[in-house]
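Enquirer: okay, predicted coordinates and the sequence, questions at the end:
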Amino acid sequence: MGCDTVPRMKTSKIILGALVGASIGFAAAVAPGRVARADKPAAPAPTCKSHNGKPCCDPAVTAHLPLSAVFSACGKSDATFLGEEGSKETCKYVFKIEGQQEDATFVQVYAPAQKTVPSEPEDPFFSWKKLGKVFMADKAKSPKAAPMIANATGLWMPGKGFFVSVNASTKVCAKPQAKKLAASIK
């Protein structure tokens, strides 16, 4: 062994020692975080009762009118609930009503983002009356619009950067129940 070999061995041992020490230090710092995360239960995947193979409703839309509020205000339950049909800004809760077609037994929530939101509904077909923070379709402005208001109750609420529109079939939620439903819109 020459003089040259000794300094190289010392240098390589120092570098190896530093790498091992750094690895152990890194593992000690990261491992507790991983253990803590592993202890937390994973958030359950959102579940829904889908109707007609349609996608589940977006939680951002259902937050404006939860299914539980429809059950409570309209006197419905999971026993009559067939499922939900969701799209980007819409959620339709569908119910089984004896003697009625499924396409006419729903409560539909529409909550689109808007840059400017009017302070009240701008509707050429219906007049609206205010119930607290929500507007309720009151009367048809033409004979052609009369059957629509007889079969469904419209509710509308302005928000900041959005509005919420609810169309509730009178077969699911009668007009007095729709008034109670209006109080649940967020």
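Expert: Thanks, I have the structure now.
Enquirer: return the helix or strand in this protein with minimum mean pLDDT.
Expert: Least confident helix or strand of the chain, by mean pLDDT, DSSP states H and E, is helix 5-39 with a mean of 43.
Enquirer: which residues sit against the helix or strand following that helix?
Expert: Note on helix 5-39: by DSSP states H and E, the next helix or strand toward the C-terminus is helix 59-62. Taking contacts as Cβ atoms under 8 Å, 6 or more residues apart in numbering, the residues outside helix 59-62 that touch it are 46, 86, 89, 90, 91, 109, 110, 111. Quick note: C-beta positions are derived from backbone N, CA and C, even for glycine.
Enquirer: and residue 89, how close does it get to residue 62?
Expert: Counting by Cβ to Cβ, to the nearest Å, the gap from residue 89 to residue 62 is 12 Å.
Enquirer: from residue 67, how far off is the spatially most central residue of the chain?
Expert: Closest to where the C-alpha atoms of the chain average out (Cα atoms, centre = their mean) is residue 59, at 1.3 Å. Remark: distance between residue 59 and residue 67 (Cβ to Cβ) = 11 Å.
Enquirer: in the chain, where is pLDDT below threshold?
Expert: Along the chain, segments meeting pLDDT under 70 span 1-46.
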